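[1] here's my sequence, what's the structure:
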Amino acid sequence: MGSRVKIVTAKKISAEPVLFYGFAGIAFFLPLFSPVSDLLTYVVFAVFIVTHLSEPGTSRIRLRDARFSILTGIALFLLTFFHLFTGTNKGAIVEQLDQYMAILIFPLSLAFFSSGESYPRRMQSILNFTLAGTIVTTLVLYAAAFLRFIETHTAVEFYYIKLGNGLHPSYMSMLVVLALAIVLDGWPAKKWINRNRKLVSPLLWIAAGWLIIFNTLLASKAGIFVQTLVLLLFALKEIQKKDFRRLIGLSAMLITSLVMIPFAFPFTFSRFVALEETLGNSLIRNEWVEKETTNSRLLGWDAAMDIIIEHPITGVGPEKVQHALKNSYEENGLGYGNRNPHNQYLQTWLELGLPGLIILLMLAVIPGWYALREKNYLHIAFLLIVFIHMLFESTLERRLGVMIFAFWSSLFWFYTHNQRKSKKTVITG
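    Residues are numbered from 1 along each chain as shown. As a prediction, the model looks like this:
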């Protein structure tokens, strides 16, 4: 009787399978239909709360194992929450907190994932769902562009915002390049590549080629730059592994992806030409704002720095950023509305002051250090993708950007943490 009750109780509080399916669903739907991922985020949080209340002792132990990772991961949320007591516009701060919920939820929830052998297996499955969701999304978007092209007969349907069907190209590019990194790292094939190399290897090369083509069509300048860095990163990996066959393949893919832009992707090439013209123009003119996005970013950075110089330590608070930026634009004679500065580092400095900027940089530097130590190339690739894009986008001002950042930062950091723990256990044993 007693043992039967024990078995029922154990099943009742087993949260990990539910968490895994929640994370797998988030990974699949994030590029395809992000509102589903938003909903699943709150489902995951509900499971976390219920499990914590059911067996607080277990959850405390797991939280203690990775307490630094969790505390650093949720620090931006906590700092924003502090402004709720000091800010004047409570509604704007609550809205920001709602957008930042993923930054709180994912680090806490991942504390329930088991360490040891099950974690890499779960991680591999989540990465496979990510790859599947991204490839399905790119095929759907391309098919939709083709149907529009039949009606309009304009090639622009296959490029930039049109291709993304309204989705900002930079955010779609982050997801596409992450999927490319997953393919290049070999995650989807780890179980079968040795047994079915002749079948799996060509499929992975085809998938990588398609993702590069799609990312080039998105015409995000930052996205193509980051894609180049990711290809170079995995070329370096093959040099260290002395796998010269794959190195030749990656080198050919990298060179082809760059050389073909002027010939096969005229719209994408025109954006780089406009970039060169903008950077070569010594006078930044207001009429350029509508013509070239690079110049609009320069204007935004300049306006943000004017405010930061006045409030370098505390910033202006999350609720006052847009108003302060609008005033700064108007003082310089620019009709630039309420747009953000298109730089997350400046955005965070404006909102949360120097402490917020330091926390954001810690979220890049500390995981980056661990990823380099463990030679986790996929984690390094993710950090490059996100934190370079943050130079050109206020990534955390969009819910999708927050989801990408919080979800994958937490997953990779905990995975790298688990790698270190496993190695220490082996050495000690």
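[2] and the longest helix for this protein?
    helix 118-152 (DSSP state H).
[3] so which bits of that helix are buried?
    By 16 or more other Cβ atoms under 10 Å, the buried positions in helix 118-152 come out as 119, 122-123, 125-135, 137-138, 141-142, 145, 148. For every residue, glycine as well, the C-beta is placed using N, CA and C.
[4] point out where the stretch 301-429 of the chain drops to low pLDDT.
    For the stretch 301-429 of the chain, the stretches with pLDDT under 70 are 332-338, 419-429.
[5] buried residues in stretch 71-85, which are they?
    Thr72, Gly73, Ile74, Ala75, Leu76, Phe77, Leu79, Thr80, Phe81, His83.
[6] for the residues you listed, which one is nearest Trp210?
    Gly73 (32.9 Å; Cβ to Cβ).
[7] how about that closest one, nearest residue that isn't a chain neighbour?
    Pro107 (3.4 Å; Cβ to Cβ, 6 or more residues apart in numbering).
[8] which strands and helices lie in contact with the one helix or strand the one you found maps to?
    Per DSSP states H and E, Pro107 falls inside helix 101-110. Here helix 101-110 touches helix 34-54, helix 67-73, helix 75-86, helix 399-428, going by 3 or more Cβ pairs under 8 Å, 6 or more residues apart in numbering; DSSP states H and E.
[9] residues near the closest residue to Ala303 other than its chain neighbours, how many?
    Leaving aside its sequence neighbours, Ala303 sits nearest to Ser328 (Cβ to Cβ, 6+ apart; 4.0 Å). Counted by other Cβ atoms under 10 Å, the residues lying close to Ser328 total 21.
[10] and the helix or strand just after the longest helix of the chain, what's its mean pLDDT?
    The first helix or strand that comes after helix 118-152 along the chain, using DSSP H and E, is helix 160-163. The average pLDDT within helix 160-163 is 89.
[11] about what we covered before: how much space between the residue nearest to Ala303 and Phe23?
    41 Å (Cβ to Cβ, to the nearest Å).
[12] same question for Glu351.
    Counting by Cβ to Cβ, the gap from Glu351 to Phe23 is 28 Å.
[13] now Ala252
    Taken as Cβ to Cβ, the span from Ala252 to Phe23 is 35 Å.
[14] and these two? Which one has more around it.
    Phe23 (26 against 10).
[15] what sits closest to Tyr119 if chain neighbours are left out?
    Using Cβ to Cβ, 6+ apart, the nearest residue to Tyr119 is Asn418, at 4.9 Å.
[16] kindly report the same for Tyr171.
    Leu400 is the one closest to Tyr171 (Cβ to Cβ, 6+ apart), at 5.1 Å.
[17] right, and Asn376 touches His417 too?
    No: look at Asn376 against His417 with Cβ atoms under 8 Å: they stay out of range, at 10.6 Å.
[18] re earlier: looking at it, the residue nearest to Tyr171 is touching Phe33, isn't it?
    No: with contact defined as Cβ under 8 Å, Leu400 does not reach Phe33; the gap is 11.1 Å.
[19] of the two, give the one with the bigger neighbour count.
    Neighbour comparison, Leu400 and Phe33: the larger count goes to Leu400, with 20 against 12 (by other Cβ under 10 Å).
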